[in-house]
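S.K.: model the structure of this input:
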Amino acid sequence: MYLKSRLSWNVIIPAENLDIEGLMLQKAIVLRLLEDFASKKATKNLGYFIAVTTMEKIGEGKVRQHTGDVLFPVDFSCITFNIFRGEILEGVVHKILKHGVFLRCGPTDKIYLSHQKMSDYKYVPGENPIFMNEKMSRIERDTVVRFIVVGARYVEAEKEFQAVVSLEGDYLGPISQSSV
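M.R.: The predicted structure is shown next:
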């Protein structure tokens with residue numbers, strides 16, 4: 001789910017990037033904030049960082065004693081993406097294994113749908129393996145699938161989320177082939 005969040009971060013501008021003109025300083029602060037935002041990738045509480053939407057406030061800079069760098073408190077709004085247990089989402093199949101499939105949803109690509117959680121589908125091996133049910137409904141690579149999240153966890157070392165999902169419920173399953 002996409003969420004709008006308001007955050008307060010400290011942005012450090014190296015002394016050599018400081019300029020007398022205020023506009024250049026503001027540009028340096030925004031660029032550094034965007035670099036920090038991109039490198040952070042995700043947190044357990046907020047999910048994946050997608051985009052900075054608005055700069056609310058740039059506070060007064062404080063010079064750091066030993067380096068001469070300046071620390072600016074910055075308030076901004078951003079869009080994040082997080083997965084919650086019980087949430088119904090759509091994802092695109094990107095990997096098919098004998099025991100299930102992996103899906104992509106937003107920035108998350110480690111979403112696992114076990115064959116046990118799609119009980120009416122059977123694995124069909126081959127060069128392009130698929131899962132198919134008696135009604136000839138197919139789950140194959142690039143198929144868009146609507147699912148319910150059974151569980152999700154954050155892996156701190158990789159700064160990413162993993163989820164286990166199911167097709168057990170009403171209106172869940174393959175929707176269409178993706179044009180991606």
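
S.K.: spatially, which residue comes closest to residue 63, not counting chain neighbours?
M.R.: Spatial nearest neighbour of residue 63, excluding adjacent residues (C-beta to C-beta, 6 or more residues apart in numbering): residue 70 at 5.5 Å. The way it works is simple: take the backbone N, C-alpha and C, and place the C-beta from them, glycine included.

S.K.: give the contact list for that neighbour.
M.R.: By C-beta atoms under 8 Å, 6 or more residues apart in numbering, the contact list for residue 70 reads 12, 13, 15, 18, 61, 62, 63, 64.

S.K.: which pLDDT value goes with it?
M.R.: What the model reports as pLDDT for residue 70 is 90.

S.K.: relative to residue 37, how far out is it?
M.R.: Going from residue 70 to residue 37 by C-beta to C-beta, to the nearest Å gives 19 Å.

S.K.: mind listing the strands for this protein?
M.R.: With strands called from DSSP state E, the chain shows them at 2-13, 42-43, 47-58, 62-63, 70-81, 88-97, 100-105, 108-114, 122-124, 130-132, 138-139, 143-155, 160-166, 173-177.

S.K.: can you pull the domain assignment for the protein?
M.R.: The chain resolves into domains spanning 2-81, 87-174 when parsed by the TED database.

S.K.: out of the ones you listed, which one sits most buried?
M.R.: Comparing those by mean neighbour count (mean count of other C-beta atoms under 10 Å), domain 87-174 ranks first with a mean of 16.

S.K.: can you list the strands of the chain in TSV and add distance to residue 26?
M.R.: Formatted as TSV, those follow (distance: least, C-beta to C-beta, whole Å):
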stretch	distance to residue 26
strand 2-13	10
strand 42-43	26
strand 47-58	7
strand 62-63	17
strand 70-81	10
strand 88-97	38
strand 100-105	36
strand 108-114	34
strand 122-124	57
strand 130-132	53
strand 138-139	50
strand 143-155	34
strand 160-166	32
strand 173-177	45
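
S.K.: which of those sits closest to residue 24?
M.R.: strand 2-13 (10.6 Å; C-beta to C-beta).

S.K.: which other helices and strands contact that closest one?
M.R.: Other helices and strands packing on strand 2-13, by 3 or more C-beta pairs under 8 Å, 6 or more residues apart in numbering; DSSP states H and E, are helix 22-40, strand 47-58, strand 70-81.
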